[in-house]
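**Student:** quick one: sequence plus predicted model below, questions after.
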Amino acid sequence: MEELKINRKILGECCRKVLFDATMKSKTIRENTSFVEQTNICKEVVKMSDIEAISMIFNEGIMLDEDSIKGLENSKIKTGLKYGLAAAAGGLVGGGRAAIKSIPKAYKGLKKVGKLKVNKKLPKSLWKAGKSGAKGTAGIAGSAITMAALSVLALYLYRTATDPCARECLKKFAGSSSKVTVCKRECEVKAIKKILAQIKSQKSQCKQTANPAKCEKKLNNQLIKWSKKLQSHIIKLSKAKEKMMS
């Protein structure tokens, strides 16, 4: 069997996407930072390097060097991809949740920004965001990233399925933008269906984890998330076909 190889560029993009979404959805950030500060935090997340983003999700925000990042890719991340999403949901993979728990006092003291302790483990690009870097750090670390590793792995599986499929669409239907669009939408729907099938099939594996109930809850949340994505992409596919036929 061919050895599983991790595409770090895609993995880094997936980590930034999950961190960005968590930042945008964070109630803490919305309530305790100005619009300008929120914008600065989002900009810093987008500018994070692949290693910074991967370290944030899988290594509690502690920066990794090249050798360490390769070791992590060959251990935690490959474990998650090899044993499936249940591995991440059951706590066999990750570090994002530990990063959040490392600053509970700071998180609770957000309203007293002057007394807030910054978690220096996190990438400097985050805690230097804007004039109130401490707010930004606590906001991101305190946002709901408890499913960070799980979300990243699911997104990684989606990207590694759709990216090459999309490239084939461009080759197969060169010269017809409408056919390329339909083909890409079909790639997306197919990939999402595979992820949903994997989530459903792996729920039984939660019994083998340290916290079966939490594992099932996380997978159910992912099931809801990707089911909504499927509905959205099916509509996009239908519209693309209608446009191609018109």
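**Tutor:** The structure has been received and is ready for your questions.

**Student:** so where do the helices sit in the protein?
**Tutor:** For the chain, applying DSSP state H gives helices covering 8-25, 27-32, 35-47, 50-58, 66-72, 78-83, 85-89, 96-101, 104-108, 124-127, 133-142, 148-172, 177-202, 212-245.

**Student:** mind giving me the domain ranges of the protein?
**Tutor:** As assigned by automatic domain parsing, the chain contains the domains 8-142, 162-245.

**Student:** among these, which is nearest Leu155?
**Tutor:** The minimum distance between Leu155 and the domains of the chain falls on domain 8-142, with 4.3 Å, by C-beta to C-beta. Glycine gets a C-beta too; all of them are placed from N, C-alpha and C.

**Student:** pLDDT on that closest one, on average?
**Tutor:** Regarding domain 8-142, the rounded mean pLDDT is 64.

**Student:** skipping adjacent residues, who's closest to Leu223 in space?
**Tutor:** The spatially closest residue to Leu223, leaving aside those adjacent along the chain, is Ile199, at 5.1 Å (C-beta to C-beta, 6 or more residues apart in numbering).

**Student:** before we move on, back to that, pick the most buried one from the helices of the chain.
**Tutor:** helix 85-89 (a mean of 28; mean count of other C-beta atoms under 10 Å).

**Student:** ok, the residue nearest to Leu223 - contacts?
**Tutor:** By C-beta atoms under 8 Å, 6 or more residues apart in numbering, the residues touching Ile199 are 85, 154, 219, 222-223, 226.

**Student:** got the residues you listed as TSV, with distance to Ile195 columns?
**Tutor:** Formatted as TSV, those follow (distance: C-beta to C-beta, whole Å):
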residue	distance to Ile195
Leu85	8
Ala154	6
Leu219	11
Gln222	8
Leu223	9
Trp226	5
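
**Student:** ok, the residues you listed vs Cys187, which is closest?
**Tutor:** For these, the nearest to Cys187 is Trp226 (15.3 Å; C-beta to C-beta).
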